[in-house]
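*Asks:* Fold the following for me, if possible:
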Amino acid sequence: MQIQVNSDKNIALDAAVIHWIGIKAERSLKRFSRRLTRVEVHLSDVNSRKFGTHDKRCLIEARPAGHRAVTARHSAATVNLAVGGALTKLRNLLQTAFDRLGQGHEARSVRTRIRPMTATAAAASATEAIAESLPVAASKASPRGPKKKMIYQARRKSWPGR
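*Replies:* Residues are numbered from 1 along each chain as shown. As a prediction, this is how the structure comes out:
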């Protein structure tokens, strides 16, 4: 993974700042280092020499191998906070993108395969049990299921007549 640091004319970059940003980016994106070809960090001062609360902006562009570039931006009072915020956003964005592609972190994918029964799964199994106990005609009458149909019918009966 190659890391490039760029800035506008209002932010002075020296070797120490570039080295610090490189180390911080490597630590933050370590788990994606095999899948990223290049990371570009763009620093800018929004309102030049004037003071402002969120005038330092960091835009980080990551280029995954074989995919489109992904960007994250964060504005803060200092360069340190702006870089940290943008790296956090980029890390979350890359995790989501790689999970959707099916290339997520191995430990995380194993954890999601073995999952205890959630409340929605328990409710679905209870609804199936109710549907099995009802006659066939009643369970096939509504595409929403027998329980929802009964709820809607009860509501309709309780409405005032027109």
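
*Asks:* The longest helix seen in the chain packs against which elements?
*Replies:* With residue count as the measure and DSSP state H as the assignment, the chain has helix 79-101 as its longest helix. Packing partners of helix 79-101 (3 or more CB pairs under 8 Å, 6 or more residues apart in numbering; DSSP states H and E): helix 15-28, strand 36-45, strand 56-64, strand 70-76. (Glycine included, C-beta is placed from N, CA and C.)

*Asks:* Which segments of this protein make up each domain?
*Replies:* Using automatic domain parsing, the domain parsing of the chain gives 2-112, 116-158.

*Asks:* Take those and lay them out in TSV including mean neighbour count and mean pLDDT.
*Replies:* Formatted as TSV, those follow (neighbours: other CB atoms under 10 Å; pLDDT from 0 to 100):
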stretch	mean neighbour count	mean pLDDT
domain 2-112	15	87
domain 116-158	11	61
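
*Asks:* Quick check on A65: phi, psi?
*Replies:* phi -70, psi 120 (degrees, to the nearest 10).

*Asks:* Could you measure from the nearest residue to it once chain neighbours are set aside over to V17?
*Replies:* Excluding the flanking residues, the one nearest A65 by CB to CB, 6 or more residues apart in numbering is T37, at 5.2 Å. Using CB to CB, to the nearest Å, one gets 23 Å for the distance from T37 to V17.

*Asks:* do the same with S33
*Replies:* 22 Å.

*Asks:* and if you look at R27?
*Replies:* In this view, R27 and V17 are 16 Å apart by CB to CB.

*Asks:* returning to that earlier point: can you check what angle separates the longest helix of the chain from strand 56-64?
*Replies:* 30 degrees (axes from the mean of the first three to the mean of the last three CA atoms, to 10 degrees).

*Asks:* Show me what helix 79-101 is in contact with.
*Replies:* Outside helix 79-101, the residues that touch it by CB atoms under 8 Å, 6 or more residues apart in numbering are 11, 17, 21, 24-25, 28-29, 32, 35-36, 41, 43, 56-60, 62, 64, 67, 70-76, 104-105, 108-109.
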